[in-house]
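In: here are the coordinates; sequence isn't available:
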């Protein structure tokens, strides 16, 4: 072997030694020998210099590191495509979790919306749409309603002991005529409840209009077409307006208008002098009861007037009295009256049980008395006179003369005896006046 071959062989061995050194394949003793040769042997150092420089350059992954978790991500994708067993188990668990989350979401939604869900189910089960008509529509409890164009009304399919309930969007006028209670000491009540978005309205009798505009609910109470009585006492029409912010309702009397805005308290807007407001809203629909035949008396007739129940009347200037043509034995003979007049009430056998005056601000009832009624603006004054009694058996059985008076917006009755006076102002509670000397 020539010297040249020996040199190449020797160089190859050194290259292999340097490569093993750089790759970390030498034991510590050999590593220390290589380090000494690099320090002491210039030829060996020159041979190793290019390789030392190459190994000093950082690796590509060190210079361009991969994002954290990329290797795990690619491995996970590969095992999914390959259908590894652990991936199938993870897919099943993931599906169960999705189903559980969906059930939980629906359950929480149902829990927080349970009141609305229950209300929607009850509305669908218990209520029905009321078909609109050009006139009055009779509900299942006998009440009548006339609602304006574009309004929506839903009513109970079956009327229970608590009365009729309706849900209203828009404007409607209601007429509730209770059974005849003139011969009963306790009136029979079957209320009607009107629900709107922001309020509830309850009335047992009479006529009233409910109108909704967005969050606002208006309630207007009208003078009824047919007056109800409790015994001899005429009953006023009153609607109760419940808002959502207070416990106690607002009492709305005849000719009054009240309003409530959702979230606020109910309050009176004004006293309405007539039914003009409702007529403007609903027009003038045909009446639902036949017109009552009656006769009218005025002061121009002159002298005393004897009514069909035998009551004698002396009308003052400008007074007007309307009475029914039919007198039913045992019933209250109800008249409508304005102005001032003097009355002598002495019902005969088998005629009316009592005589009643239905006035704009007061109700007056008596079975036998001589009295006068005077009106000044919204004040109604009644005076009961002492009279000479004939002393017959029938008159002695009737007892002392007395007149009952009540304001139009309260049911409280004041009994006025002979020689006494009382008055009511604007339909308020009646009060006694000093005796005249």
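Out: All right, it came through fine. Source: prediction; values computed, not measured.

In: and the helix or strand that contains residue 96, what other elements does it pack with?
Out: According to DSSP states H and E, residue 96 maps onto helix 85-112. Applying 3 or more C-beta pairs under 8 Å, 6 or more residues apart in numbering; DSSP states H and E, one finds that helix 85-112 contacts helix 70-82. In short, each C-beta sits where N, CA and C put it, glycine included.

In: For the helix it packs on, give me every contacting residue.
Out: 86-87 (C-beta atoms under 8 Å, 6 or more residues apart in numbering).

In: Report the rounded mean pLDDT for that helix.
Out: Averaged over helix 70-82, pLDDT sits at 73.

In: any idea what residue 334 is structurally, helix, strand or coil?
Out: strand (DSSP: H, G, I helix; E, B strand; the rest coil).

In: where's it relative to residue 298, distance?
Out: Here the criterion is C-beta to C-beta, to the nearest Å. By it, residue 334 lies 19 Å from residue 298.

In: So which of those two has more stuff around it?
Out: Shown here are residue 334 and residue 298; by other C-beta atoms under 10 Å, residue 334 has more neighbours (21 against 15).

In: Which residue, other than its chain neighbours, is closest to that one?
Out: Nearest residue to residue 334 in three dimensions, chain neighbours excluded: residue 356, at 4.5 Å (C-beta to C-beta, 6 or more residues apart in numbering).

In: hmm, back to that, report the angle between the axes of the helix holding residue 96 and helix 70-82?
Out: Per axes from the mean of the first three to the mean of the last three C-alpha atoms, to 10 degrees, the angle that helix 85-112 makes with helix 70-82 is 90 degrees.

In: mind listing what's buried in helix 85-112?
Out: Neighbour counts over helix 85-112 (16 or more other C-beta atoms under 10 Å) mark residue 87 as buried.

In: next one: that helix to chain centre, how far?
Out: A distance of 39 Å separates the centroid of the chain from that of helix 85-112, by C-alpha atoms, centre = their mean, to the nearest Å.

In: what's the burial count for residue 419?
Out: Neighbours around residue 419, by other C-beta under 10 Å: 12.

In: What helix or strand is it located in?
Out: Applying DSSP H and E, one finds residue 419 in no helix or strand.

In: Run a quick check on it versus residue 370, I expect a contact.
Out: No - in this structure residue 419 lies outside contact range of residue 370 using C-beta atoms under 8 Å: 11.3 Å.

In: residues contacting residue 166?
Out: Residue 166 neighbours (C-beta under 8 Å, 6+ apart): 130, 139, 145, 153-156, 192-195.

In: 7 Å - rerun?
Out: Neighbouring residues of residue 166 by C-beta atoms under 7 Å, 6 or more residues apart in numbering: 153-155, 194.

In: Mark which of the residues you listed are part of strands, please.
Out: Mapping those onto strands (DSSP state E) picks out 153-155, 194.

In: wait, residue 55 sits on residue 21?
Out: No - counting by C-beta atoms under 7 Å, residue 55 stays clear of residue 21, with 9.4 Å between them.

In: any idea how far residue 354 is from residue 427?
Out: Distance, residue 354 to residue 427, by C-beta to C-beta: 21 Å.

In: can you pull out the strands in the stretch 101-250 of the chain?
Out: Per DSSP state E, counting those that start in this stretch, the stretch 101-250 of the chain carries strands over the ranges 127-129, 137-138, 144-147, 152-156, 164-169, 171-176, 192-195, 200-203, 206-213, 216-222, 228-230, 233-235, 238-242, 250-253.

In: Looking at those, spot the one closest to residue 406.
Out: strand 233-235 (6.3 Å; C-beta to C-beta).

In: In the stretch 251-400 of the chain, mark out all the helices, start to finish.
Out: 276-282, 393-398 (DSSP state H, counting those that start in this stretch).

In: By mean pLDDT, show me the worst of those helices.
Out: Across the helices of the stretch 251-400 of the chain, helix 276-282 has the smallest mean pLDDT, namely a mean of 36.

In: Which one (most neighbours) among the contacts of residue 166?
Out: Neighbour counts for the contacts of residue 166 (other C-beta under 10 Å) peak at residue 194, which has 26 neighbours.
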